[in-house]
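Undergrad: Fold the following, please.
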Amino acid sequence: MGGIIRRNDLDRLMGWLLNVIGPGVGDVFFVASASSAYETWFKKIGVDSSHLFATVALAYAAMTTNRNDTVLMAPEGIAATAELDWTKNNCNLIGLGGPNVQGRKGPSGTFPTMYGGSCLYSTTSGLVHLLHVTGARNRFYNMHFVNAVNEATALSAVKVGGSLNLSYGNYFKNCNIQGIAGTTCNTTDNCSLKISAGASYYLFEDCIIGNHTYMGARATANQGHLHYPGVYETGSPGAAGYGPQDGRFVRCDFKSRGTTLTPVMVRVEPGGNEALDRIHQFVDCSFINWSGSDAAIVRVFYDACGTWHGIVLRRCTAVGYDEWQTDDLGTHPGYISADMPITGVAGGHARMPTGAHDSGT
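TA: Have a look, this model is predicted:
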């Protein structure tokens with residue numbers, strides 16, 4: 001009976017994958033650390049050794065672009081020693097730890113290491129981006145990405161775009177994306193998520209971006225956990241037509257820890273480098289800064305891009321910030337639009353209730 005159950009387990013797993021990816025799924029590869037219980041189990045249920053790898057990078061190398069291939073990662077923490085450059089199209093990475101990816105990589109004080117489900121992380125000195133996606137139409141589910149390198153050169157956990165290739169249509173679902181591992185990550189280019197040139201039509205749903213736990217408190221003026229740099233990999237400004245267009249964040253939580261007033265949550269690079277283009281929407285999102293006191297950061301957005309674009313807030317909430325944006329920094333008078341019914345500069349900002357119980361106020 002046990003053998004029958006094991007053979008059926010792989011069939012059931014493949015049936016579940018079809019529900020996630022849809023019909024037409026390509027080849028499937030598995031990742032589990034060497035000699036782990038997960039590796040043993042994958043072998044028992046019939047995963048061929050040619051499709052079982054100890055790192056995500058090795059499994060990624062086995063995928064074929066534009067074939068809807070998929071990597072399934074065991075629910076554990078697996079270290080990366082080099083940047084994972086995801087140049088392929090229509091390939092997928094799915095964590096098997098479920099949709100709750102809350103957690104952190106690395107101990108904090110007396111707290112143990114707490115992975116958020118399937119966690120890809122790095123502590124390797126000199127690593128710039130943990131995952132760098134320049135391919136198109138790739139999908140990432142139930143993953144925890146952590147750049148735990150506390151260096152100024154550790155620029156992001158996930159970067160999408162940043163090249164002449166149009167890295168359009170990438171999708172992240174139930175992912176936790178954490179960068180800025182400590183106070184040494186103190187430049188305006190350090191962030192958790194970087195959306196760069198050519199990264200149009202991106203979609204993030206039910207994701208967590210940033211952190212307010214293991215990292216040091218931020219103090220760098222106008223540094224954001226979400227950064228739109230508007231540059232190619234060479235560092236040159238993005239040419240006209242390559243600014244990210246029509247991106248969406250839906251039901252995402254943006255987390256920050258800062259005790260000074262000057263950091264932000266979202267930084268749109270200033271100047272005429274087309275850091276953003278067209279419309280970018282934040283739907284049912286929260287922007288929360290934890291300071292450990294009542295101090296509130298001045299603004300959620302720092303948007304000084306010199307080219308025309310729009311940021312639309314729909315049913316969003318900010319906590320620990322004074323305003324969405326204190327001034328109109330770009331050439332267009334007011335990049336940010338909001339549908340929250342509360343009027344004034346504090347529209348959509350959470351406020352402490354003052355009415356007494358059963359008082360009717």
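Undergrad: Give me the secondary structure label for the residue most central in space within the chain.
TA: In the chain, the centroid-proximal residue (Cα atoms, centre = their mean) is residue 177; its distance is 3.8 Å. Following DSSP: H, G, I helix; E, B strand; the rest coil, residue 177 is assigned to strand.
Undergrad: For this protein, give me the ranges with low pLDDT.
TA: Applying pLDDT under 70 to the chain picks out residues 1-7, 107-110, 164-165, 214-216, 232-241, 271-273, 292-295, 326-334, 340-361.
Undergrad: Run through the helices of it in chain order.
TA: For the chain, the helices defined by DSSP state H cover 2-21, 37-44, 56-62.
Undergrad: could these go into CSV alongside distance to residue 324 and mean neighbour count?
TA: All C-beta spots, glycine's among them, are computed from the backbone N, C-alpha and C. Below are the helices of the chain laid out as CSV (distance: least, Cβ to Cβ, whole Å; neighbours: other Cβ atoms under 10 Å):
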stretch, distance to residue 324, mean neighbour count
helix 2-21, 35, 12
helix 37-44, 44, 15
helix 56-62, 37, 17
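Undergrad: want to try CSV for the ones you listed, with distance to residue 150 as columns?
TA: Formatted as CSV, these follow (distance: least, Cβ to Cβ, whole Å):
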stretch, distance to residue 150
helix 2-21, 35
helix 37-44, 29
helix 56-62, 22
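Undergrad: Residue 117: which of the ones you listed is closest?
TA: helix 37-44 (12.6 Å; Cβ to Cβ).
Undergrad: still on that earlier bit, residue 319 is nearest to which of the helices of the chain?
TA: helix 2-21 (32.6 Å).
Undergrad: Also compute the angle for that closest one relative to helix 37-44, please.
TA: Taking axes from the mean of the first three to the mean of the last three Cα atoms, to 10 degrees, one finds helix 2-21 and helix 37-44 inclined to each other by 100 degrees.
Undergrad: Show me what helix 2-21 is packed against.
TA: strand 69-73, strand 91-95 (3 or more Cβ pairs under 8 Å, 6 or more residues apart in numbering; DSSP states H and E).
Undergrad: Out of those strands, which is the most enclosed?
TA: Burial of those is given as mean neighbour count (mean count of other Cβ atoms under 10 Å); strand 91-95 ranks first at a mean of 25.
Undergrad: For it, name the packing helices and strands.
TA: In terms of contacts (3+ Cβ pairs under 8 Å, 6+ apart), strand 91-95 is packed against helix 2-21, helix 56-62, strand 69-73, strand 139-141, strand 143-147.
Undergrad: got the angle for the longest one vs strand 91-95?
TA: The directions of helix 2-21 and strand 91-95 differ by 120 degrees, with the same axes, to 10 degrees as the criterion.
Undergrad: what comes into contact with helix 2-21?
TA: Here helix 2-21 makes contact (Cβ atoms under 8 Å, 6 or more residues apart in numbering) with 25, 28, 44-47, 68, 70, 72, 92, 94, 139, 141.
Undergrad: Which single one of the residues you listed is nearest to residue 230?
TA: Proximity of those to residue 230 (Cβ to Cβ) peaks at residue 139, which lies at 25.0 Å.
Undergrad: If the closest one is in a bridge, with which residues?
TA: residue 92, residue 171 (DSSP bridges).
Undergrad: number of nearby residues for it?
TA: The number of residues packed near residue 139 is 19, by other Cβ atoms under 10 Å.
Undergrad: List the contacts of it.
TA: The neighbours of residue 139, taking Cβ under 8 Å, 6+ apart as the test, are 21, 92-93, 170-173.
Undergrad: before we move on, back to that, and the helices and strands packed on strand 91-95: which comes nearest residue 106?
TA: strand 143-147 (7.6 Å).
Undergrad: Give me the sheet partners of the closest one and which way each runs.
TA: If you go by DSSP bridges, strand 143-147 pairs up with strand 118-122 (parallel), strand 176-178 (parallel).
Undergrad: So for residue 211, which of the ones you listed sits nearest?
TA: Residue 211 lies closest to strand 176-178 among these, at 4.5 Å (Cβ to Cβ).
Undergrad: Can you give the distance from that closest one to the centre of its chain?
TA: 5 Å (Cα atoms, centre = their mean, to the nearest Å).
Undergrad: And for it, what's in contact with it?
TA: Residues contacting strand 176-178 (Cβ under 8 Å, 6+ apart): 101-105, 116, 143-147, 157-158, 192-193, 207-211, 215.
Undergrad: Next step: these restricted to strands.
TA: Using DSSP state E, 143-147, 157-158, 193, 208-210 are the members of the contacts of strand 176-178 that sit in strands.
Undergrad: and residue 140, how many residues sit next to it?
TA: Neighbour count for residue 140, taken as other Cβ under 10 Å: 25.
Undergrad: what's near enough to touch it?
TA: 92-94, 170-173, 175.
Undergrad: didn't residue 323 look like it was pressed against residue 301?
TA: No: assessed by Cβ atoms under 8 Å, residue 323 is found out of contact with residue 301, at 9.1 Å.
Undergrad: The two: which is more packed in?
TA: Comparing residue 323 with residue 301 by neighbour count (other Cβ under 10 Å), the higher total belongs to residue 301, at 26 against 18.
Undergrad: ok, what's across the strand from the more buried one?
TA: residue 266.
Undergrad: Which residues are in contact with it?
TA: Shown in contact with residue 301 (Cβ under 8 Å, 6+ apart): 264-266, 268, 311, 324-325, 335-336.
Undergrad: Name the member of these with the most neighbours.
TA: residue 264 (29 neighbours).
Undergrad: and it, what does it touch?
TA: Applying Cβ under 8 Å, 6+ apart, we find residue 264 in contact with 222-224, 297-302.
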